[in-house]
Every structure is written in C-alpha cells, then in structure tokens.
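K.L.:
Structure, please.
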Amino acid sequence: MTILVAAVLLAACAGEGQQAENADTLPPPAPAADDVAHLQVPPFDAAAAHALLVRQVGFGPRVPGTPGHRQQLQWMLDYLRERADSVYAQPFTHNHEGQAIELSNVVARFNPNMDRRLLLIAHWDTRPTADAEADETLRDRPIDGANDGASGVAVLLQLAEMLSREAPPIGVDLLLTDGEDFAPGQMYLGATHFAANLGGYRPMYAVLIDMVGDRNPSFPVEENSRNMAPEVVQRVWGLAHEIGLGDMFPNTSQGAITDDHVPLNNAGIHTADIIDFDYGPGNAFWHTSQDVIGNTAPAGLGAVGRLLAELIYRGG
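P.N.:
Presented below is the predicted three-dimensional model:
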C-alpha cells in the first residue's frame, strides 16, 4: 500500500445472475435488527489466526519468483481446497525489466450459487526490498512480511475454517491478491488484474484487510474508502461500534491510502479498506526488517476476524 498524506470473481463468475447494487446504497442486512440477539455468530479464533501468520513467515519472503512465493501459493491452495466449495488460481504475468514474472491471485468461494455475495480481500505477497529501512545496508533485502501480507491472509484463512464448519447465510468469496507490494510504481497488480476480468461478477460490496496484526492495533477510517464507498464504511465501522469494538475502530481519519481497494472501486465494486496506519512507533516497522513475528499479536487479527464474521453471519 502507498500512504498519501491527506488533510482529511472473475470471468468464471460471469452469467451467474448476480446484479449490481445501487452505487449509493447497500441491501439491508439480514436478519432484521430485531433478530440480531438470536444470531449464532461463530467465535473467531485469534490464536489460530496468528498461528497461520507464523506459518506464512516460515516460508521466508513471499516475493514473486522466489521459492517462498511458490511454496505459499501451493499451501494456500491446498488449505482452501479442504474447506471451500470451490477454489481456483488466477495466474497472470507481469513484465519487469524485460523479465516475465509469474503471479497468481487465489479465489475461494462459499455458497457459490447464491446471488447475495460478500467479497473479502487480502494480499499475500511481500515487499522485495526494505525500502523504508533506516539502515541503508538493509534496504535491498526482502522483508518477512509478518504484518504486511501475512496478517490479512491469516484472518481470511481462519474465516475459511469457520465457514467450512458453519455454513454462512450468504455467498462469501475470499480473494488473495498477488503483486500488491511488488515494486515502487508496480503495485496492486493482482487487484488490477482481478478488476479487469470481472465478467458478470458483482458482489454486494467488498472489504479489504491489510496490516491488521500490529501489537497495538487501531483502524481509523481510510479516506479513499470513505470517498469511494461511504455506505460500506458506514456499515463496517457502524457494526464495529455496535459490537463493542469502537475503541479499535474510531470513526476518525488519518488520511488516504492507495491500496488494492482503489482498482476494485474504480471497477464498480464498492470496497472499504481496514488498515492500521501506524505499524510500530511512528509507523517505523512498515517496509523494514522489523516487520517480523515478534512485532505482531493476535489482538488485531481477532478484532478484524470477529467483525468480518459478524458481517457474514448477519447476511452482509
């Protein structure tokens, strides 16, 4: 993702009869508000999600074209195929300095025949260089990506486990994007590719999660989300406050971020980005060698996972 200081699935889904929602509204949640107390929302296992974060870091940096990248791709496909109704890779090629780099998005679908669908997104690749590192001798090294990459994926994979055990009342699609952090000026590659190949796919809305594993998590409203998908922001942050997560999801802004949600919004899928703006003191761990397991914790994973589970089992 790129931070901008501010004052302030695919072709395979075509023809499924899904309808685009009004650009400024969302369908009402289901069940009705009076029935919320009777909902059975499965608990989200934050510790298990953190273990999935640790598992990813164990592959080493997941930079496209490296062994760690190939190993994680296969692991994710195997993991999801044991749990989802359908899973497939969406491979694509990116030309970098005259070399064809192989990348791949991964899509897992639950209740694929349902028209009412929610899309959840996280990127799985890691930064090839520690370009924000204070020590110049470390800047050319790839990062572990414990938070920037592994945290969002860990939440979605743990949700996949939940969805496999407790069928959701709506269709849920998990999109794991590749090439989000490929290189300066060459980012959001997987989300851009997905957005360019939507076919007839139109979920109700989408939620992107990125860098949600900080030891001191906080998720203020991101301004591109507020401007491009205000109704999604209202639903997500409103629900966070309703279920007691308001302190972690303040309805304040720290600026705008360019992330995977921008190409999706531009393609007509209204998408909000849940992201922690400050990873470490003054964001000092972002894109550095300090993006390691020891600087992550289950708390943020648990809060985001619980919020997404509430969205899902309330019918979106």
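K.L.:
Output the below-cut-off pLDDT ranges for the stretch 51-200 of the chain.
P.N.:
Along the stretch 51-200 of the chain, the model assigns pLDDT under 70 to no residue.
K.L.:
Please enumerate the strands of it.
P.N.:
86-96, 99-110, 117-123, 171-177 (DSSP state E, counting those that start in this stretch).
K.L.:
and of those strands, who's closest to residue 239?
P.N.:
strand 117-123 (12.7 Å; C-beta to C-beta). Where C-beta positions appear, they are placed from N, C-alpha and C, glycine not excepted.
K.L.:
got the contact list for the closest one?
P.N.:
The contact list for strand 117-123, computed with C-beta atoms under 8 Å, 6 or more residues apart in numbering, reads 9, 18, 149, 152-153, 155-156, 159, 170-181, 190-191, 203-210, 260-261, 264, 269, 271, 308, 311-312, 316.
K.L.:
which residues touch the nearest residue to residue 246 once chain neighbours are set aside?
P.N.:
The shortest distance from residue 246 to any non-neighbouring residue, by C-beta to C-beta, 6 or more residues apart in numbering, is to residue 240 (6.2 Å). Counting by C-beta under 8 Å, 6+ apart, residue 240 touches 219, 246, 248, 249, 307.
K.L.:
Verify the stated contact: the third one with residue 216.
P.N.:
No - the pair residue 248 / residue 216 is not scored as a contact, 9.9 Å apart, by C-beta atoms under 8 Å.
K.L.:
Which one's more surrounded, the two?
P.N.:
The neighbour count for residue 248 versus residue 216, taken as other C-beta atoms under 10 Å, is higher for residue 248 (18 against 14).
K.L.:
Can you give me the neighbour number for the nearest residue to residue 175 once chain neighbours are set aside?
P.N.:
Excluding the flanking residues, the one nearest residue 175 by C-beta to C-beta, 6+ apart is residue 121, at 4.6 Å. Using other C-beta under 10 Å, residue 121 is surrounded by 28 other residues.
K.L.:
which strand residues sit across from residue 121 in the sheet?
P.N.:
For residue 121, the beta-bridge partners under DSSP bridges are residue 175, residue 208.
K.L.:
For burial, what's the neighbour tally of the residue nearest to residue 229 when sequence neighbours are not counted?
P.N.:
If the residues on either side of it in the chain are set aside, residue 229 comes closest to residue 270, at 3.8 Å by C-beta to C-beta, 6+ apart. Neighbours of residue 270 under the rule other C-beta under 10 Å: 24.
K.L.:
can I assume residue 189 is in contact with residue 102?
P.N.:
No - applying C-beta under 8 Å, one finds residue 189 not in contact with residue 102, separated by 11.5 Å.
K.L.:
Now do the helices in this protein.
P.N.:
46-57, 67-81, 150-165, 189-196, 223-228, 230-242, 261-266, 298-313 (DSSP state H).
K.L.:
TSV please, covering those and showing distance to residue 91.
P.N.:
TSV is the format used below for the helices of the chain (distance: least, C-beta to C-beta, whole Å):
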stretch	distance to residue 91
helix 46-57	20
helix 67-81	10
helix 150-165	18
helix 189-196	9
helix 223-228	28
helix 230-242	29
helix 261-266	18
helix 298-313	27
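K.L.:
Can you say which of these is nearest to residue 108?
P.N.:
Nearest of these (C-beta to C-beta): helix 67-81, 4.3 Å.
K.L.:
How about the spatially most central residue of the chain: what's its closest non-neighbour residue?
P.N.:
Central residue check for the chain by C-alpha atoms, centre = their mean: the C-alpha nearest the mean position is that of residue 122, 2.4 Å away. Nearest-residue entry for residue 122: residue 152, 2.9 Å, with adjacent residues in sequence omitted and distances by C-beta to C-beta, 6+ apart.
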